[in-house]
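In: only the shape, not the letters, is given here:
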Ligand code: DX5
Ligand code: ZN
């Protein structure tokens with residue numbers, strides 16, 4: 001693995017996993033090389049779907065060592081932060097439109113001992129970052145409208161990744177802390193390289209991972225190898 005491979009990280013979204021075998025599913029993607037478990041929380045209010053909460057996060061926590069990356073698609077945000085921190089979340093990201101006070105919500109995440117991130121829908125401007133960059137550990141760009149797994153990738157995301165990468169690099173050049181640049185939605189083995197070239201380092205993949213055929217009887221190793229092969233030598 002060359003140096004640039006080490007920075008790339010696949011974060012399987014368990015939204016597309018078999019919920020009846022969730023412990024086994026997260027252990028299997030960790031063994032295949034996942035860098036994070038991406039945990040999609042939907043409230044049927046901020047997004048038109050309903051998924052999982054802190055109890056499920058607590059249940060899977062003992063099954064893996066890798067960080068759990070909780071993506072909150074809920075409004076309001078603040079009341080759930082402490083519960084997810086207690087349930088073992090490592091990262092908590094939320095959408096700026098979903099909270100009345102972005103800086104306060106970020107501070108709540110940090111005070112709860114987690115890493116914090118802001119999530120941008122396809123039409124949400126990146127300017128929300130400008131005055132909170134120093135408090136952020138991750139920027140998540142949605143490459144679909146949030147709410148469902150298995151949607152088609154929105155190509156305009158690639159340009160947005162470039163702009164976000166410039167902002168992050170400028171911040172780091174001014175002495176700022178490192179910030180991961182994550183993309184979420186419709187990521188497959190045939191578009192991951194373009195996102196990496198544009199500057200993304202962390203790739204959420206739900207249906208592409210959990211829907212992949214188990215070609216060698218070793219769970220998800222085949223699809224992980226395909227993802228990593230697509231990122232080699234960039
Ligand atoms: C969508 C979620 C995504 C989703 C990705 O609202 O935030 O994490 O599960 O699924 P795929 O990879 O199938 O687009
Ligand atoms: Zn997500």
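Out: Perfect, thanks for sending it. The shown structure was predicted, so the numbers you read here are calculated from the model rather than taken from an experiment. Ligands and ions are numbered 1, 2, ... in the order given.
In: so which residue of this structure comes closest to ligand 2?
Out: In the chain, no residue comes nearer to ligand 2 than residue 71, which is 3.8 Å away by C-beta to the ion. C-beta coordinates here come from the backbone N, C-alpha and C atoms, glycine included.
In: dig out what that residue forms beta bridges with.
Out: Beta-bridge pairing of residue 71 under DSSP bridges involves residue 40, residue 93.
In: so which bits of the chain are right by ligand 2?
Out: Counting by C-beta under 5 Å from the ion, the chain comes close to ligand 2 at 40, 71, 184.
In: let me know the pLDDT of the first one.
Out: The model reports residue 40 with a pLDDT of 98.
In: residues contacting it?
Out: Residue 40 makes contact with 13-15, 51-52, 71, 73, 149, 206 under the criterion C-beta atoms under 8 Å, 6 or more residues apart in numbering.
In: so of the residues you listed, which ones are in helices?
Out: Among those, none falls in helices (DSSP state H).
In: contacts for stretch 161-177, please.
Out: Residues outside stretch 161-177 that contact it (C-beta under 8 Å, 6+ apart): 120, 126, 129, 133-134, 137, 139, 141, 178-179, 181, 183, 195, 198-200.
In: stretch 75-91 now?
Out: Under the criterion C-beta under 8 Å, 6+ apart, residues 36, 39, 41, 43, 45-46, 53-55, 57-58, 61, 67-70, 72, 74, 92, 94-95, 97-100, 104-105, 108-109, 112-117, 137-138 lie in contact with stretch 75-91.
In: show me what counts as buried in that stretch.
Out: Within stretch 75-91, the residues that count as buried by 16 or more other C-beta atoms under 10 Å are 77, 80-81, 84-85, 87-91.
In: pLDDT weak spots in the chain?
Out: 1-6 (pLDDT under 70).
In: just checking, residue 109 touches residue 92?
Out: Yes. With contact defined as C-beta atoms under 8 Å, residue 109 and residue 92 form a contacting pair (4.7 Å).
In: which neighbours do the two have in common?
Out: Contact with both residue 109 and residue 92 is made by residues 81, 85, 115-116, according to C-beta under 8 Å, 6+ apart.
In: take those and keep only those in strands.
Out: When DSSP state E is applied, those are split such that 115-116 fall in strands.
In: could you identify the most distant pair in the shared contacts of residue 109 and residue 92?
Out: The largest separation in the shared contacts of residue 109 and residue 92, counting by C-beta to C-beta, is between 81 and 115 at 12.2 Å.
In: what touches both of the two?
Out: Counting by C-beta under 8 Å, 6+ apart, the residues touching both residue 81 and residue 115 are 92, 109.
In: now do the host helix or strand of residue 118: which elements does it pack against?
Out: For residue 118, the host element (DSSP states H and E) is strand 115-120. On a contact count with 3 or more C-beta pairs under 8 Å, 6 or more residues apart in numbering; DSSP states H and E, strand 115-120 meets strand 91-94, helix 102-111, strand 138-142, strand 180-184.
In: how about it: buried residues?
Out: Buried residues in strand 115-120, counted by 16+ other C-beta under 10 Å: 115-120.
In: just to revisit the earlier point, and the buried residues of stretch 75-91, which two are the farthest apart?
Out: Among the buried residues of stretch 75-91, the pair separated by the greatest distance (C-beta to C-beta) is 77 and 88, at 18.4 Å.
In: quick one, helices of the chain?
Out: With DSSP H as the criterion, the chain has helices spanning 3-7, 22-32, 54-60, 78-86, 102-111, 157-173, 192-198, 207-210, 221-231.
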